[in-house]
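Participant: return a 3D structure for these sequence lines:
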Amino acid sequence: MPSPKVAMPDHGAPACSLCLFHAVCGVAEMGSMPAPAGARLHPERLTVRIGDPVFRQGRPALTVYPLRAGSAKQVYESPLGWRQVTGFAMPGDVLGLEPHEAPQYSTAAVALQDSVVCAVPVESLRELMAAPAFRVAALEVMRRNAERERVLLVAVGSMKAPQRLAMLLLDLAGEQARRHGRQDGTLTLAMPRTDIASLLGLTLETVSRLLSRFASVGLIAVRQRRLRIIDPAGLASIYADLEAGAQRPAREGDQGAEFASGMRMCREAAT
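Facilitator: You can find the predicted model right below:
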């Protein structure tokens, strides 16, 4: 579980400006959003070591945890004991925030690397929801999270393996661009490939083969956990329709026949 009594770091962490609670956080000393009387936050900051839970599934949902540094995965465990990764969280995300006030956490949140979270009591969240501006912002965050979950559900339920992986890489790149304005397609995959496989409903071997195939046809470059999307349009064509992607017209420095052959290799890697 999170370790309390951590010295408060400086107030300038980039994740703070992305946090839902930034404008009402007294610690950040930059609050400007109108809030109900007494609702200004002074959250406790906690450290979570890699592999440790931020919270456990089924425990009382008494706190939400803005992620200030590091990363985390959300894991669902079925009554029969099956475990499934359901999402990844980056700095600025709020762990435990759901569109309904469930009495218990519906998933667990586990740190993918040494991380720092803030602890916001649910009671404080309820008070803040009385402020129209904060309520609109909170509902927008929950709407965006729900939309990403729907896209993932469709991908896992209906799409081929290469489409699923292309979807995830484009989603991660899109989130990075939205949060930080970076358009270079460079990602740090804090999650192991086993977690990517669990999220996408694939095997570890399939994920590894597809990453190698994507790299071999010039879609991405991979070095350990650093990944760079070289050809976002090519990934998008795979995500939209793998067969159509194989018929993509030739570009300068890219022979259409070679690309089509590469796409067939991607399909074969998924089998």
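
Participant: where does pLDDT dip in the stretch 1-150 of the chain?
Facilitator: Applying pLDDT under 70 to the stretch 1-150 of the chain flags residues 1-14, 27-39.

Participant: report the central residue of this protein.
Facilitator: Closest to where the C-alpha atoms of the chain average out (CA atoms, centre = their mean) is residue 88, at 3.5 Å.

Participant: surely that one meets residue 199?
Facilitator: Yes. Residue 88 lies in contact with residue 199 (CB atoms under 8 Å); the separation is 7.3 Å. All C-beta spots, glycine's among them, are computed from the backbone N, C-alpha and C.

Participant: does anything pack onto the helix or strand hosting the residue nearest to the centre of the chain? Which helices or strands?
Facilitator: Take DSSP states H and E as the rule and residue 88 turns out to sit in strand 83-89. Contact here means 3 or more CB pairs under 8 Å, 6 or more residues apart in numbering; DSSP states H and E; on that basis strand 83-89 packs against strand 72-77, helix 132-158, helix 193-200.

Participant: can you rerun that using 6 Å?
Facilitator: Strand 83-89 sits against strand 72-77, helix 193-200, with contacts defined as 3 or more CB pairs under 6 Å, 6 or more residues apart in numbering; DSSP states H and E.

Participant: for that strand, list the C-alpha coordinates in PDB.
Facilitator: Extracted in PDB, the C-alpha atoms of strand 83-89 (Å, rounded to 0.1, in the frame of the first residue of the first chain):
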ATOM      1  CA  ARG A  83      -7.000 -11.400 -13.800                       C
ATOM      2  CA  GLN A  84      -7.200  -8.900 -16.600                       C
ATOM      3  CA  VAL A  85      -5.400  -5.600 -17.100                       C
ATOM      4  CA  THR A  86      -8.100  -3.000 -18.000                       C
ATOM      5  CA  GLY A  87      -6.000   0.100 -18.500                       C
ATOM      6  CA  PHE A  88      -2.900   2.100 -17.900                       C
ATOM      7  CA  ALA A  89      -2.600   5.400 -16.000                       C
END
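
Participant: neighbouring strands for that strand, and are they parallel or not?
Facilitator: Strand 83-89 has its sheet partners listed here by DSSP bridges as strand 72-77 (antiparallel).

Participant: what angle sits between the partner strand and helix 193-200?
Facilitator: Relative orientation of strand 72-77 versus helix 193-200 (axes from the mean of the first three to the mean of the last three CA atoms, to 10 degrees): 60 degrees.

Participant: tell me where this protein has helices.
Facilitator: 14-18, 122-128, 132-158, 161-180, 193-200, 204-216, 232-240, 242-246, 256-269 (DSSP state H).

Participant: for the ones you listed, give me TSV that also has mean neighbour count and distance to residue 51.
Facilitator: Converted to TSV, the helices of the chain look like this (neighbours: other CB atoms under 10 Å; distance: least, CB to CB, whole Å):
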stretch	mean neighbour count	distance to residue 51
helix 14-18	17	21
helix 122-128	17	26
helix 132-158	14	23
helix 161-180	20	21
helix 193-200	19	12
helix 204-216	19	18
helix 232-240	19	30
helix 242-246	17	35
helix 256-269	17	30
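
Participant: closest to residue 42 out of the ones you listed?
Facilitator: Nearest to residue 42 among the helices of the chain is helix 122-128 (9.6 Å), distances taken as CB to CB.

Participant: now for the closest one, which elements pack on it?
Facilitator: Packing contacts for helix 122-128, counted by 3+ CB pairs under 6 Å, 6+ apart, involve no helix or strand.
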